[in-house]
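1. Provide a 3D model corresponding to the input given below.
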Amino acid sequence: MLLFFVLLLLLLLLLLLLLFIIIIIIIIIIIIYYYYYYYYYYYYFLCFFFFRIT
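-> Numbers count the residues shown, from 1 in each chain. Here you go, the predicted model:
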């Protein structure tokens, strides 16, 4: 009974760890995506501005 409880607890901890890792990966992907998006728009704006001047 005790062994079963310990195994269940370990499984729960493993699932929580997995969930935490997945959340961190998702956050990193979102941050990278937003940075790329921001830089793309910034570059586009600079090109547009440059072509307006010349």
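2. Going by C-alpha atoms from here, please, whenever you check contacts or count neighbours.
-> Will do.
3. Could you report the neighbour count for L13?
-> Neighbour count for L13, taken as other C-alpha atoms under 10 Å: 12.
4. Check what pLDDT it gets.
-> Looking at L13, its pLDDT reads 98.
5. Could you do T54 as well?
-> Listed pLDDT for T54 reads 63.
6. One more: I23?
-> I23 is assigned 98 on the pLDDT scale.
7. Now do the contacts for it.
-> Applying C-alpha atoms under 8 Å, 6 or more residues apart in numbering, we find I23 in contact with no residue.
8. element containing it, please.
-> helix 2-53 (DSSP states H and E).
9. to the chain's geometric centre, what's the distance from that helix?
-> 0 Å (C-alpha atoms, centre = their mean, to the nearest Å).
10. Make 11 the first number, not 1, from now on.
-> Noted, 11 is the first residue going forward, which turns the last one into helix 12-63.
11. so how many other residues sit close to L19?
-> Neighbour tally, L19, other C-alpha under 10 Å: 12.
12. can you check Y48 too?
-> 12.
13. Quick check: it vs L17, distance?
-> As for Y48, its distance to L17 is 46 Å (criterion: C-alpha to C-alpha, to the nearest Å).
14. what does F60 give?
-> Going from F60 to L17 by C-alpha to C-alpha gives 64 Å.
15. What of Y46?
-> 43 Å.
16. likewise Y52?
-> 52 Å.
17. ok, now I31?
-> Applying C-alpha to C-alpha, the value for I31 to L17 is 21 Å.
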